[in-house]
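J.: I need the structure of the sequence given here:
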Amino acid sequence: MGLAEELYKDMPNAEGFGAGKYFDDGRYDLRVKSIKCITSRNASNGNAGKHFFTVEFEVLSSSNPGVEVGESRSWQVKIEGNTYAFSDIKNFIFALCLDTDPKDAPPPKKNPELHAMATNIAMALSDEEFAAKADDVTQAFVADVVGMPVKLEAFKKATLAKPGKPAGVFTLHQWSPATAAPAAA
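T.: Predicted structure coming up:
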């Protein structure tokens with residue numbers, strides 16, 4: 001066995017560790033490349049074994065000069081222990097699949113069918129086994145999601161310091177349907 005063969009003999013079985021490029025402040029037109037639910041292996045931040053709703057996009061347009069058309073960008077939502085996870089994912093599904101601006105969506109008590117549909121789509125996108133037994137409408141959304149366009153406005157928002165936790169900054173993601181009018185500059 002040669003040196004390269006010896007050095008790389010275990011490479012075919014190695015799993016990759018993804019590291020996405022996330023969104024900076026700006027307005028974006030995006031196209032979905034993939035959606036999946038991943039399980040983190042990162043023990044250094046306490047997220048090992050935690051599940052993340054993960055979307056990869058192609059940038060179609062950007063108001064941020066540091067983000068070029070054609071680049072790939074990622075968006076992740078930690079599901080466990082995240083107060084806002086379900087709202088964040090549902091808002092994305094409203095905009096992407098249901099052509100509904102999340103700001104205009106009626107509350108769950110006024111339109112439980114819309115919220116149930118968004119939930120079923122998110123579950124089917126996260127779990128192939130669930131998708132296989134989902135209703136025909138949900139399966140159609142899941143089958144067509146790759147390549148679908150959506151709009152995003154991302155901006156930084158400060159958090160207040162809390163006992164035992166310093167102030168910080170996070171990126172807020174506001175989704176809207178691809179058919180929405182462009183945001184004011």
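
J.: what's opposite V169 in the beta bridge?
T.: Under DSSP bridges, the beta-bridge partners of V169 are A158.

J.: hmm, I typed the wrong one, I wanted G26.
T.: Under DSSP bridges, the residues paired with G26 across the bridge are A154.

J.: how close does it sit to V32?
T.: To V32, G26 is 18 Å away according to Cβ to Cβ, to the nearest Å. Where you see a C-beta, it was placed from the backbone N, CA and C, and this is true even at glycine.

J.: so which of those two has more stuff around it?
T.: Taking other Cβ atoms under 10 Å, G26 and V32 do not tie; V32 has more neighbours (20 against 17).

J.: and the strands in the chain?
T.: Secondary structure of the chain (DSSP state E): strands at 26-39, 51-62, 72-78, 149-159, 168-177.

J.: in stretch 37-55, what counts as buried?
T.: Residues 37, 40, 47, 50-55 are the ones in stretch 37-55 that count as buried (16 or more other Cβ atoms under 10 Å).

J.: sorry, that was for stretch 102-118
T.: By neighbour count with 16+ other Cβ under 10 Å, stretch 102-118 contains the buried residues 102, 105, 114-115, 117-118.

J.: identify the farthest-apart pair in these.
T.: Based on Cβ to Cβ, the longest span within the buried residues of stretch 102-118 runs between P102 and M117 and measures 13.9 Å.

J.: helices of this structure, residue ranges please.
T.: For the chain, the helices defined by DSSP state H occupy 3-7, 85-97, 112-126, 128-133, 136-144.

J.: helix 136-144 and the longest one, what's the angle between them?
T.: By that I understand helix 112-126. 40 degrees (axes from the mean of the first three to the mean of the last three Cα atoms, to 10 degrees).

J.: appreciated, that's everything.
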